[in-house]
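1. just need the structure, nothing else, for what follows:
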Amino acid sequence: MTGTRGPGPLLLGVRHHGPGSARAVRAALDATDPRAVLIEGPPEGDALLPLAADEEMRPPVALLAHAVDDPGRAAFWPFAEFSPEWVAIRWALARDVPVRFIDLPAAHSLAMEAEAGTDRDDTAGEPPVPVDPVRVLAETAGYDDPERWWEDVVEHRVPGSDEAAGPLAAFAALGEAMAALREAYGDGGHPRDAVREAYMRIQLRTAQKEFGDDFAVVCGAWHVPALRTRTTLTADRALLKGLPKAKAELTWVPWTHRRLARHSGYGAGIESPGWYEHLFAAPDRPIERWMTKVAGLLRDEDRFVSSAHAIEAVRLAETLAAMRGRPLAGLSETTDAIRAVMCEGSDVPLALVHDRLVVGTTLGEVPDTAPAVPLQRDLTRQQRTLRLKPEADEREIELDLRKDTDAARSRLLHRLRLLGIAWGEPAAGRGSTGTFRESWRLRWEPELYVRVAEAGVWGTTVLSAATARAESDALAATALAEVTALAEHCLLADLPDALPVVMRALADRAALDADVGHLADALPALARTLRYGDVRATDTTALGEVAAGLAERICVGLPPACTGLDTDGAEALRRRIDGVHTATGLLAGAVPAGADGLRQRWRAVLHKLTVRDTVAGVIRGRAARLLLDDGHLDQDAAARLMGLALSPGTPPADAAAWIEGFVGGAAGGGMLLVHDERLLALVDAWLTGVPADTFTDVLPLLRRTFSAYEPGVRRTLGDLVRRGPVPAGVPGAGSPAGAGATAPGFGPVLDAARADAVVPVLRLLLGLDEHPAPTAPAHHDDPHLGETA
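-> I've put the predicted structure just below:
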C-alpha cells in the first residue's frame, strides 16, 4: 500500500455526509489502493452491500433495520451520494475489493434502545449534552458558525492543494484534533460509544489477520482516537459481555434530503444537503452553476430573473467572500446575494430556494431485488399499477370515483390509512363537492417503510392486512362512535369481508348504548357511509337499518338531554345537533323507506327545542336557524322567536347565547342579518339596551359570534347599523328594499327572470347536471339544497 501514514491500518476519519470528506476519501483510496475497506455500519448489512453497485440504486438511500418481533423498533443508516461511506463502498465494489461493515450489530443496538426506553432512571438527573466536535473546533478557531468553519477548512479546499503534503494530510490533522477533544471531553456525552468502539476494534483485529495492515477504515472522525488506542482483546470482549440481543432484519430503503437535514431530528444531520450535493457533483465553477439553478427555479415560479441577475449575484457573492476573508463564497454569501439580487430583498422567494435547493427534495430509489416484507412488495406493485409514485414533495391529487383507476387509488389510500400508513390525507377539494370526487394530499416519508413493516403482521397484501386490522379494531372497540367510524372506513376502503364483523359489533354497541351524545356522535359517520356505499355500489341495507334506528332514538332522547346544561355542555350538544341535522338529510335520501317520517320527526324535535325555556339559549337559537334554512320556519316566525329571546326579561348572557346559536357558526349567519333588517333591528335594539354592568359579561360571546363573519359582511352590517335599520314592523322591513336609495343594487321585488338566468350556472357549479353513474341515484349531496329528480 502506498501513501504516507503511520503503522497499522489506514484510518480515514470523516464527517458523515460531508462532500469534502467524500472527495478526500476517494483521493486517499486511489492513492493507497487498500486490499479491503471497512465501513462504520451494522455488519448484518454486509449481504446488502453489492446492491449499492446496482444501476437502479440512486442515493439518498438508507439501511433500515427493524426488530422481527417488534417492527416498530427500527433504526436507519442513511447514505447520500456525497457521503464518504457511500463513496468508499462504491470505490470498493467497482474494484472488486472486499468491503464490510464493522459497527455494533443492529441486533444489539435495537435491543439496547428498547432497554433504554423501558429502564430509564428518572432520578438520575438530566442526561449529558452530547459534544458537537465540529462546533468545538469552530469556536476554538474563532468562528461563531460551525458550518462556516467546516466550509472554509474542508469544503473550500482547492482540489490538488494537498499534493505536497499527500492525500492523507487532512485526515492526520483531523485525527489529531479529535484526539485532543477526546482527551478533554471523554466520551463526549455518548456513553454507548465505548461499546461500539470495542466491537470495531475486534473487527479490526479480525481484518488484520486476513489482510495485515493493508486495509482502510472509513468511520466518523470522533472514533479514530479510540480505534488507535491499544487495548487487549479480553478487555474489549468484556465490554460486550451480556449485551441484549434481538433478531433483526435489514434492507435498503429510499431516503430523502429533507430527512438528512439536521432540523428533521437526525443526529448526524447537516444543515444543507442540497448545497452539499451540488458542491460534490459540480465539476467546476460551483457558484456560477448554483446561481444558474436558483435562476431556473425562480423562473419556474414565474419570477422575472434574467441572466444579468445571475451574473450580478455571482459577483456579489464573490465580493462578500473577499470582504469576509473567506477563501471562496459559501452558502451564506450565495444566500445573501440571492436575496439582494434575485429576490429583491424578500425572504419569501428565498424560503423556496432554501426548501427546494439548499435542503432539497430528492427521494432516492432502490432496486426491486432489495429485500422487503411481502406487504411492501404488494404496495410497490399497486403503486406502479395505479401510477402513484411515492414522492418526497407534498402534492394534491383529485380523484373521480367513477373512473376505475381513480376508484382503485382511493381504495388503496383508504386501506393504508386504516393500517396507520399515512401516505395520503384527505383534503378539501378544489373541484366538485359531490360524492364522486375525492381530494388527497400525498407525501412519502422514509419512516413509512417502518409503518409498512409494522402493518405486515396483519397480512401479506394491503387488502388482507386492512381486512384483518378492521376486524380486530371492531372487536376491540369500546365506544359506539369508534365502530361507526370503522364502518365508514370499511366502505371507503372496500373491505367486504370485514364489514360483517364490523356490522355485528355496531349492532351490539348500538343496542347497549343509551347516551344520546354517543348516539349523536355515531350517526354522522353512518350517514356518510351510506352515501359512499351508493357511490361504490355496495349493499348497505343492514347499515341503513341501524342508522334509522339510531336516528329514531336520538329524536326521542334529545329534548330531555338539552336541559340543565352548562355553557360547555350546551356548545358540545349544539355541534352534535348540527351533525345529526346533516345526517338526517343524508339518511332521507339513502333510506327511502320511512324517509318522510324521519324528516318530520326531526323537524318536530327542532320545533320543540325552539320554544322550551329550559333549553340552553345556544341550542334554541341553532334549532330556529336550522328550521329557517330548511324553509320550515318563515321569517315572521323567526323574528318572533328572536324577539322573545331578546326580550328585556331574558338575562343578557342567555340572549347572547341565543344570538350565537342563531347567527353564529352556521354558514351565512351574517348574510341573514344583511338581508333581513327586522332581525338586525332586533339585535341592534337588544344590544343597545344591555345594561353597562353586564355588557362586559356578554362581550366575549358576541365577539366570538361576529368575528367569524367575512370582512365584507362585517363592513356591510356596520354600514346598515350606522344609517339605522328599518324598525321591526315597519312596511318594507325584512327585505333589502327597506334600504331605499342608500342600498344600491336591490330592487323593490324579486326579479324572477334575472334569477332564472343564473340557475343553469348554479346547477353546473354544484354538479347537478353531471351524468351520474348508473349504480347511483341522482341527488344532491347537501340535504339543505332539497331534492331533484
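2. report the contact partners of T567.
-> T567 makes contacts with A616, A657, as judged by C-beta atoms under 8 Å, 6 or more residues apart in numbering. Every C-beta, even on glycine, is put in place using the N, C-alpha and C of the backbone.
3. kindly report the same for the one 10 residues further on.
-> Under the criterion of C-beta under 8 Å, 6+ apart, the neighbours of I577 are A520, L558, I619, R622, A623, L626.
4. try it again with 10 Å
-> 520, 554, 558, 562, 605-606, 609, 618-619, 622-623, 626, 661 (C-beta atoms under 10 Å, 6 or more residues apart in numbering).
5. what secondary structure does E438 sit in?
-> Per DSSP: H, G, I helix; E, B strand; the rest coil, the local secondary structure of E438 is strand.
6. report the beta-bridge partners for it.
-> Counting by DSSP bridges, E438 is bridged to L399.
7. residue nearest the centroid of this protein?
-> The centroid of the chain falls nearest to R443 when counting by C-alpha atoms, centre = their mean (7.4 Å).
8. please enumerate the helices of the stretch 251-400 of the chain.
-> Ranges of helices in the stretch 251-400 of the chain, per DSSP state H, counting those that start in this stretch, are 257-260, 273-281, 286-300, 307-323, 331-337, 347-353, 374-385.
9. out of the ones you listed, which one sits most buried?
-> The highest mean neighbour count among the helices of the stretch 251-400 of the chain, using mean count of other C-beta atoms under 10 Å, belongs to helix 257-260: a mean of 25.
10. how about low-confidence regions in the stretch 151-300 of the chain?
-> 156-166, 262-269 (pLDDT under 70).
11. let's see it at 80
-> Counting by pLDDT under 80, the stretch 151-300 of the chain shows low-confidence ranges at 151, 154-167, 261-269.
12. now the strands for it?
-> For the stretch 151-300 of the chain, the strands defined by DSSP state E, counting those that start in this stretch cover 216-220, 248-254.
13. longest helix in this structure, please.
-> Ordering each helix of the chain by length in residues (DSSP state H) puts helix 567-590 first.
14. list the buried residues in stretch 209-217.
-> Neighbour-count burial for stretch 209-217, counted by 16 or more other C-beta atoms under 10 Å, picks out F211, D213, D214, F215, A216, V217.
15. does the fourth one touch I39 like I think?
-> No. F215 is not in contact with I39 according to C-beta atoms under 10 Å; the separation is 11.2 Å.
16. identify the contacts common to the two.
-> V99, R100.
17. which residues does G45 contact?
-> 39, 51, 63-65, 77, 100-101, 103, 105-106, 250-252.
18. which of these fall within helices?
-> A106.
19. dump the contacts of G45 to CSV, plus distance to E488 and neighbour count.
-> Formatted as CSV, the contacts of G45 follow (distance: C-beta to C-beta, whole Å; neighbours: other C-beta atoms under 10 Å):
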residue, distance to E488, neighbour count
I39, 49, 25
L51, 42, 19
L63, 39, 22
L64, 33, 27
A65, 37, 23
W77, 40, 23
R100, 52, 18
F101, 47, 25
D103, 47, 23
P105, 45, 19
A106, 40, 26
L250, 38, 23
T251, 34, 20
W252, 37, 26
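20. against R704, how distant is A692?
-> Counting by C-beta to C-beta, to the nearest Å, the gap from A692 to R704 is 21 Å.
21. so between the two, which is more surrounded?
-> Neighbour count, other C-beta atoms under 10 Å: between A692 and R704, R704 has more, with 13 against 6.
22. what angle do the host helix or strand of that one and helix 567-590 make?
-> R704 is part of helix 692-706, with elements assigned from DSSP states H and E. Counting by axes from the mean of the first three to the mean of the last three C-alpha atoms, to 10 degrees, helix 692-706 lies at 30 degrees to helix 567-590.
23. ok, which stretches of the stretch 351-500 of the chain are strands?
-> Under DSSP E, counting those that start in this stretch, the stretch 351-500 of the chain gives strands at 395-400, 424-427, 437-442.
24. ok, the residue nearest to A522 when sequence neighbours are not counted - contacts?
-> Among residues not flanking A522 along the chain, T484 sits closest, at 4.1 Å (C-beta to C-beta, 6 or more residues apart in numbering). Contact partners of T484, counting by C-beta under 10 Å, 6+ apart, are 477, 502, 506, 509-510, 518-519, 521-529, 543, 546-547, 550.
25. circling back: can you redo the contacts of I577 as JSON lines with secondary structure?
-> Listed next are the contacts of I577 as JSON lines, based on three-state DSSP:
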{"residue": "A520", "secondary structure": "helix"}
{"residue": "I554", "secondary structure": "helix"}
{"residue": "L558", "secondary structure": "helix"}
{"residue": "C562", "secondary structure": "coil"}
{"residue": "V605", "secondary structure": "helix"}
{"residue": "L606", "secondary structure": "helix"}
{"residue": "L609", "secondary structure": "helix"}
{"residue": "V618", "secondary structure": "helix"}
{"residue": "I619", "secondary structure": "helix"}
{"residue": "R622", "secondary structure": "helix"}
{"residue": "A623", "secondary structure": "helix"}
{"residue": "L626", "secondary structure": "helix"}
{"residue": "G661", "secondary structure": "helix"}
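26. and those, which are buried?
-> Applying 16+ other C-beta under 10 Å to the contacts of I577 flags 520, 554, 558, 562, 605-606, 609, 618-619, 622-623, 626, 661 as buried.
27. direction included, what does the longest strand along the chain pair up with?
-> In the chain, taking DSSP state E as the definition, the longest strand is strand 70-79. According to DSSP bridges, strand 70-79 forms sheet pairs with strand 61-67 (antiparallel).
28. run through the residues that contact R201.
-> Listed by C-beta under 10 Å, 6+ apart, the contact partners of R201 are 102, 223, 226-233, 235-236, 239.
29. at 8 Å instead, please
-> With C-beta under 8 Å, 6+ apart, R201 has these contacts: A226, L227, T229, T231, D236.
30. returning to that earlier point: would you turn the strands of the stretch 351-500 of the chain into CSV with mean neighbour count?
-> Formatted as CSV, the strands of the stretch 351-500 of the chain follow (neighbours: other C-beta atoms under 10 Å):
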stretch, mean neighbour count
strand 395-400, 14
strand 424-427, 16
strand 437-442, 19
